[in-house]
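> got a structure for you, letters missing:
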């Protein structure tokens with residue numbers, strides 16, 4: 001499998017140990033892998049992009065190409081001790097090779113840090129609140145990626161850039177979209193940026209207040225030599241240049257994917273190498289999204305040290321590793337968790353956190369008792 005085949009990460013199974021991808025990653029690292037030297041020794045954020053099975057430093061935190069995969073390491077201090085969260089971020093058009101390399105390198109990064117890092121998988125548009133907090137709750141997605149040789153092009157009066165602003169104040173995302181009227185929808189806010197003196201802010205009729213406020217703030221920041229033009233859905237007057245850039249076409253209906261899961265009954269599965277996940281336990285009542293805890297809870301005695309367990313909490317997946325699980329099993333467990341997530345549209349893009357015995361977070365343990 002070659003990178004230029006661009007097999008989407010969602011369309012193939014993640015295979016690591018002993019695979020062709022495994023050999024390519026090791027071969028690339030054997031040539032020159034120095035990026036892990038000195039990592040995690042002081043608080044701060046470090047970001048790398050996956051390029052040709054290797055990790056390359058990325059100097060634009062919070063700005064990601066949709067065709068790439070990245071590794072983000074956050075080091076912080078608590079009680080005079082350095083702690084680490086390592087995330088892989090997967091663009092919607094990232095390839096299977098890039099995703100697989102990122103997953104492999106995440107485990108490698110954890111090992112370099114002594115095995116105490118918390119590992120997370122993030123997918124474009126569905127990032128966890130923790131990941132978003134690193135970038136002031138604003139992420140920017142650029143079209144293209146390293147494999148295509150695409151480089152971000154600055155906007156011009158001849159070729160402006162259209163961005164969609166979507167989400168809430170707790171997690172807003174600015175996505176570059178094709179320059180056409182059909183990219184607009186009635187449910188979000190948009191920014192058309194041509195230059196520091198030519199910026200338009202367009203609000204769909206169903207855009208939420210957070211989207212409108214953030215689009216207004218971002219648009220005004222872009223328009224450093226003048227004032228951004230604000231347009232509401234249905235305003236065609238005095239917006240000749242705006243519609244001229246976008247051309248003909250139809251505005252799409254509101255995107256209703258902002259709130260997909262309001263409550264869910266947490267379910268615990270046991271993972272078996274080479275087999276299907278086995279349901280072990282299910283909470284007795286639904287848990288509201290990001291609120292409260294399972295009552296009655298799942299029995300914490302089900303967390304056995306030589307097993308790998310997967311908790312589907314509805315809006316996040318947790319992969320729990322017992323102390324006696326080996327490294328090779330960890331890599332395959334990530335693949336199994338990924339396979340599990342692909343079986344349902346709800347779980348496809350959920351944040352996935354790898355939880356280690358003895359290092360459980362409150363978000364995970366609130367479901368147990």
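Yep, it's here. Only a predicted model underlies this, so the values are computations on that prediction, with no experimental measurement involved.

> please make it C-alpha for all contacts and neighbour counts, starting now.
Noted.

> quick one: low-confidence parts of the stretch 101-250 of the chain?
Applying pLDDT under 70 to the stretch 101-250 of the chain flags the ranges 147-155, 169-170, 236-238.

> please enumerate the helices of it.
Here the stretch 101-250 of the chain has its helices, by DSSP state H, counting those that start in this stretch, at 129-133, 209-222, 240-246.

> got JSON lines for these, with mean neighbour count and distance to residue 162 too?
JSON lines is the format used below for the helices of the stretch 101-250 of the chain (neighbours: other CA atoms under 10 Å; distance: least, CA to CA, whole Å):
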{"stretch": "helix 129-133", "mean neighbour count": "15", "distance to residue 162": "22"}
{"stretch": "helix 209-222", "mean neighbour count": "20", "distance to residue 162": "11"}
{"stretch": "helix 240-246", "mean neighbour count": "15", "distance to residue 162": "9"}
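
> in CSV: these, plus distance to residue 194.
What follows is the helices of the stretch 101-250 of the chain, written out as CSV (distance: least, CA to CA, whole Å):
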stretch, distance to residue 194
helix 129-133, 27
helix 209-222, 10
helix 240-246, 10
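
> for residue 203, which of those is the nearest?
When these are ranked by proximity to residue 203, the top entry is helix 209-222, at 6.5 Å, counting by CA to CA.

> identify the residues contacting the closest one?
Here helix 209-222 makes contact (CA atoms under 8 Å, 6 or more residues apart in numbering) with 165-169, 172, 188-191, 193, 195-196, 199-201, 203, 227-228, 230.

> which ones among these lie within strands?
Per DSSP state E, strands hold the following members of these: 165-168, 172, 189-191, 193, 195, 199-201, 203, 230.

> among those residues, who's most crowded?
residue 189 (32 neighbours; other CA atoms under 10 Å).

> distance of it relative to residue 144?
For residue 189, the distance to residue 144 (CA to CA, to the nearest Å) stands at 22 Å.

> hang on, the earlier thing: so which of the helices of the stretch 101-250 of the chain comes closest to residue 297?
Nearest of the helices of the stretch 101-250 of the chain to residue 297, taken as CA to CA: helix 129-133 at 23.9 Å.

> same for the closest one, what does it pack against?
Where contact means 3 or more CA pairs under 8 Å, 6 or more residues apart in numbering; DSSP states H and E, helix 129-133 is not packed against any helix or strand.

> the closest residue to residue 308 other than its chain neighbours - how many residues pack around it?
Residue nearest to residue 308 in three dimensions, not counting chain neighbours: residue 321, with 5.0 Å by CA to CA, 6 or more residues apart in numbering. By other CA under 10 Å, 26 other residues sit near residue 321.

> bridging residues for residue 321?
In this entry, residue 321 is beta-bridged to residue 308, residue 356, by DSSP bridges.

> wait, what's in contact with it?
By CA under 8 Å, 6+ apart, the residues touching residue 321 are 305, 307, 308, 309, 330, 354, 355, 356, 357.

> and which of those residues is nearest residue 105?
residue 330 (12.5 Å).

> do you know how far the residue lying closest to that closest one once chain neighbours are set aside is from residue 307?
Leaving out its chain neighbours, the residue that sits closest to residue 330 by CA to CA, 6+ apart is residue 321, at 7.6 Å. Residue 321 is 7 Å from residue 307, where distance means CA to CA.

> what of residue 189?
Residue 189 is 46 Å from residue 307, where distance means CA to CA.

> surely residue 349 and residue 341 touch.
Yes. Assessed by CA atoms under 8 Å, residue 349 is found in contact with residue 341 at 7.3 Å.

> ok, the residue nearest to residue 330 to residue 333 distance?
Residue 321 is 9 Å from residue 333, by CA to CA.

> which residues are in contact with each of these two?
Shared contacts of residue 321 and residue 333, defined by CA under 8 Å, 6+ apart, are found at residue 308.

> residue 56: neighbouring residues, count only.
Residue 56, neighbours per other CA under 10 Å, totals 17.

> go on, residue 103?
27.

> what's the most distant pair in the contacts of residue 321?
Between all members of those, the farthest pair (by CA to CA) comes out as 305 and 354, at 14.5 Å.

> of the two, which one has the most company?
The residue with more neighbours, out of residue 305 and residue 354, is residue 354; 20 against 14, by other CA under 10 Å.

> which helix or strand contains residue 73?
Residue 73 belongs to strand 69-78 when assigned by DSSP states H and E.

> give me the contact list for whatever helix or strand comes next after that strand.
Downstream of strand 69-78, the next assigned helix or strand under DSSP H and E is strand 81-90. Here strand 81-90 makes contact (CA under 8 Å, 6+ apart) with 40-43, 66, 68-77, 99, 102-103, 106, 109-110, 116-124, 131.

> for those residues, which PyMOL command selects only the ones that are buried?
This is how PyMOL selects the buried members of the contacts of strand 81-90, with burial counted by 16 or more other CA atoms under 10 Å:
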select buried, resi 40+66+68+69+70+71+72+73+74+75+76+99+102+103+106+109+110+116+117+118+119+120+121+122+123+124+131
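
> one step back: which elements pack onto the strand holding residue 73?
Secondary-structure packing of strand 69-78 (3+ CA pairs under 8 Å, 6+ apart): strand 44-51, strand 81-90, helix 96-112.

> could you list the domains of the protein?
The record's domain split for the chain, according to automatic domain parsing, is 3-136, 161-246, 263-365.

> kindly reformat those as TSV containing distance to residue 254.
Listed next are the domains of the chain as TSV, based on distance: least, CA to CA, whole Å:
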stretch	distance to residue 254
domain 3-136	16
domain 161-246	4
domain 263-365	19
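
> figure out which of the ones you listed is closest to residue 252.
Of all those, domain 161-246 sits nearest to residue 252, with 4.3 Å by CA to CA.

> relative to the whole chain's centre, how far out is that closest one?
Its chain's average C-alpha position is 23 Å from that of domain 161-246, according to CA atoms, centre = their mean, to the nearest Å.
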